[in-house]
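next one to model:
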Amino acid sequence: MIPSFDRAALMIAGRNTLASLLALTIATLLHVPSPWWAAMTIWAVAQPSRGMWLEKSLARLVGSFLGAAAGAAMLWAFADNHLALIVALALWMGFWAGIGNWLRNLAAYCAMLAGYTAAIVALLALEGHHDPLQLALARGEGAVIGVLCSLLVGWAFVPVSPFHALAVKLREQAAVALALAADAMDPAATGLAERRAELVRALARIEAGFEEASAGSPVSRRRMRYVYSEIASLLSFIAEAKRLREAMGQDAAGLAPLQAALRRAETHLLTPGETRPSLPMVIEGAEAAKAAVPALGEPIDAMRRAFTEAALDHRALTARHAPRPAHRPAPHREGALAWRAALRAGLTVLAGGLFWVLSGWEPAAFAVMGACIFSSLFSIFEDPQRALRKVALGVSLGALAAVGFRLFLMPLAHDLPTLLLMMAPFMLLGAIGLTRPATAPYAMDYSMVFLLVSQPALGVVLPRGELIEGAIAIVLGALLAMAAFHLFWPVTPAKRTALLAMAIEEDIAEGRPARLHRRLLRLGLRGGEASTALIERTLGALAGLPRRRIG
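Below is the predicted model:
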């Protein structure tokens, strides 16, 4: 069946193709060496919202310049000692791969880009006998031209941040938490563990959405503190409701005022246009329940405090002029995975580099370069081995298309306009693929590798044998990265969950509620029965622990 494409998707594909060809044109006219790097930048920075586009463009610039400078410096220091160069690259790559796994979002991308850009500059300069300083400058110039063309062509058409829509979704999940807490006071209620786990997962998805929506906006970034705090308060709220259910025994009837108040507050939050605060209802119901069942006063008070904090955080989040939050949230760090990513990236570069040095096969530099990129970038993926299988297919298709284009079409192009017209269908194919979830994992690497292997510049002479060997080496780079993830500390969803479970147990033993909140949300991004059981365990440990407010 022929896939259908909506008009919006085709417009996005057309804009990305136009921006890529424009970047290549400008870089060519300015006589920038390796002008295809400018075109490659378009595909690297394309994002679904303006803020993310802006932040990734900035990360691309910073990472490219830092990595290019480091690559040129290493080549200057070790130009006559390839083995020493490989060791230096392995240390550099390992350091930034580890930092990238320690950081989050676009800061992680910037760190990893700084790592593998050094390898790109150093290895390409050696393989092609280029001036390393000139190559480093070309890499930086290409990034600048690509970013500017991307912003010029696409900025007006990229959607604005959905921050306010996400605030509405967060309010809806607060209503879900109220319903769940009310049902916890019903002795006949069933399926509460699964519902609590689903609420944690929904809150984790919303927080991830807020992270993306706040990109590029200092004001939204500041408001993120209230998002973190509100979500943490809601997690504490359902944890305390769980504790109350376990403690209520035969006193469920005395909790009827609180249960009724929670249901009224739920209806209140879900009523469109309702502006009156729901907090007084919950406070009134909690006081009545405490009077009826004094023995349960502690968990009731804890529930009231948690919901009060959530309500105040939401009010600050949606206020026109929110005050500056007083505290930062405790970040989620995966130290074990960061160390493994660092060692894996370093060992991958060493293994590939030794093969390059000992074999004397010059195109192997492309394989090492590809292994650097893939072993670093994909270390933050939930299942890198599965993702790299798709990457290998995209890389292979891009390399095959590049060889065909370079051998059979490019010799017919005698001027820049003709070259651009010949390239357009190949670039549009990748751009269309990026608009569809089923083909997006392949399309990005297809587009990047097509440009890298074909080297579409009129003055660049690329012999047939060198072209084919380079294409093969690029594919080998993806396969080398796949092998590295199989051989060196394999990363799977189950392994990530196991390491997270160990971190949670440490936090429980140390009584660190702020970190437990962060671990819970990280856990919420994973599915399965194991995560549901671990969510219940963590919520049980979270109940009763004091929490410092973030906002």
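
where in the stretch 401-550 of the chain is pLDDT low?
527-530, 547-550 (pLDDT under 70).

and I468, helix, strand or coil?
Recorded secondary structure, I468: helix (DSSP: H, G, I helix; E, B strand; the rest coil).

now do the contacts for the residue nearest to it when sequence neighbours are not counted.
Closest residue to I468 apart from its sequence neighbours, by Cβ to Cβ, 6 or more residues apart in numbering: V403 at 6.2 Å. The C-beta positions use only the backbone N, C-alpha and C, and glycine is treated the same way. Residues in contact with V403 (Cβ atoms under 8 Å, 6 or more residues apart in numbering) are V453, S454, L467, I468, A471.

10 Å instead?
V403 makes contacts with F450, V453, S454, R464, L467, I468, G470, A471, I472, as judged by Cβ atoms under 10 Å, 6 or more residues apart in numbering.

most neighbours, which of the residues you listed?
Most neighbours among the contacts of V403, by other Cβ atoms under 10 Å: F450, with 30 neighbours.

wait, P187 touches E246, no?
No - applying Cβ atoms under 10 Å, one finds P187 not in contact with E246, separated by 11.6 Å.

contacts only, for the residue most central in space within the chain.
By Cα atoms, centre = their mean, the chain has its centre lying nearest to N105, at 4.7 Å. Listed by Cβ under 10 Å, 6+ apart, the contact partners of N105 are M52, E55, K56, A59, A208, E211, E212, S214, A215, I380.

could you work out the most separated pair of those?
With distances taken as Cβ to Cβ, the most widely separated pair in those is S214 and I380, at 19.4 Å.

show me which of these two is the more surrounded one.
S214 (24 against 21).

for the more buried one, give me its contacts.
By Cβ under 10 Å, 6+ apart, S214 lies in contact with 49, 51-52, 55, 105, 161, 163, 166, 220-224, 227.

do L343 as well
So L343 contacts A90, G94, A97, G98, F488, W489 (Cβ under 10 Å, 6+ apart).

could you do Y109 as well?
Contact analysis of Y109 by Cβ under 10 Å, 6+ apart lists A44, E55, K56, A59, R60, G63, G100, L103, L377, I380.

wait, doesn't the fifth one sit right on V144?
Yes - in this structure, R60 is within contact of V144 by Cβ under 10 Å, at 9.4 Å.

quick one, which of the two is more surrounded?
For the pair R60 and V144, the greater number of neighbours falls to R60 (23 against 19), based on other Cβ under 10 Å.

quickly find the element holding the more buried one.
Following DSSP states H and E, the helix or strand that holds R60 is helix 50-78.

tell me the buried residues in that helix?
50-75, 78 (16 or more other Cβ atoms under 10 Å).

for it, the averaged confidence score.
The pLDDT scores in helix 50-78 average 90.

now for it, which elements pack on it?
helix 36-45, helix 82-102, helix 105-128, helix 132-154, helix 192-213, helix 218-248 (3 or more Cβ pairs under 10 Å, 6 or more residues apart in numbering; DSSP states H and E).

how far does it sit from the chain's center?
Centroid displacement of helix 50-78 relative to its chain, using Cα atoms, centre = their mean, to the nearest Å, is 18 Å.

give me the helices and strands touching the helix or strand containing N16, please.
Using DSSP H and E, N16 maps to helix 7-29. Where contact means 3+ Cβ pairs under 10 Å, 6+ apart, helix 7-29 is packed against helix 36-45, helix 132-154, helix 416-434, helix 440-454.

and the first one, what does it pack against?
Of the remaining helices and strands, those touching helix 36-45 by 3+ Cβ pairs under 10 Å, 6+ apart are helix 7-29, helix 50-78, helix 105-128, helix 132-154, helix 416-434, helix 440-454.

could you check how far S150 is from G67?
Using Cβ to Cβ, to the nearest Å, S150 is found at 19 Å from G67.

if you could redo that for P463, that was the one I meant.
Distance check for P463 against G67: by Cβ to Cβ, it reads 29 Å.

what are the structural domain limits within the chain?
Recorded structural domains for the chain (assignment: automatic domain parsing) are 7-160+333-491, 163-213+217-331.

buried sites along stretch 132-145?
In stretch 132-145, counting by 16+ other Cβ under 10 Å, buried: 132-133, 135-145.

what's the closest of these to A494?
Among the buried residues of stretch 132-145, A143 lies closest to A494 (Cβ to Cβ), at 37.6 Å.

next up, the contacts around that closest one.
A143 neighbours (Cβ under 10 Å, 6+ apart): 37-38, 40-41, 44-45, 57, 60-65, 68, 113, 117.

ok, T25 next?
Counting by Cβ under 10 Å, 6+ apart, T25 makes contact with P35, A38, A39, I145, C149, L416, P417, L419, L420.

just these now: which is nearest H268?
Out of the contacts of T25, the member with the shortest distance to H268 (by Cβ to Cβ) is C149, at 49.7 Å.

with adjacent residues omitted, what lies nearest to that closest one?
Closest to C149 by Cβ to Cβ, 6+ apart is A23, at 4.1 Å.

and the one you found, how many neighbours does it have?
For A23, using other Cβ under 10 Å, the count is 29.

which pLDDT value belongs to it?
pLDDT for A23: 97.

surely it touches G154?
No - checked against Cβ under 10 Å, the pair A23 and G154 is beyond contact range at 11.7 Å.

overlap of the contact sets of these two?
I42.

now for P187: which residues touch it?
By Cβ under 10 Å, 6+ apart, P187 lies in contact with R245, M248, G249, Q250, A252, A253.

closest to T439 among the residues you listed?
Ranked by distance to T439 (Cβ to Cβ), the contacts of P187 are led by R245 at 47.0 Å.

verify the stated contact: that closest one with A188.
No - between R245 and A188 there is no contact under Cβ under 10 Å: 11.7 Å.

okay, the closest residue to L133 other than its chain neighbours and R139: tell me how far apart.
Nearest non-adjacent residue to L133, counting by Cβ to Cβ, 6+ apart: A72, 5.3 Å away. Distance, A72 to R139, by Cβ to Cβ: 9 Å.

quickly list what's touching both of the two.
Residues touching both A72 and R139 by Cβ under 10 Å, 6+ apart: A118, V121.

can you pull the contacts of P280?
With contacts defined as Cβ under 10 Å, 6+ apart, P280 is in contact with A261, A265, A311.

just among the residues you listed, which is most surrounded?
Neighbour max across these (other Cβ under 10 Å) = A265, 25 neighbours.

tell me the buried residues in stretch 244-258?
By neighbour count on 16+ other Cβ under 10 Å, the buried set for stretch 244-258 is L244, R245, M248, D251, A252, G254, L255, P257, L258.

from those residues, which single one is nearest H321?
Closest to H321, out of all of the buried residues of stretch 244-258 and judged by Cβ to Cβ, is L258, at 34.1 Å.
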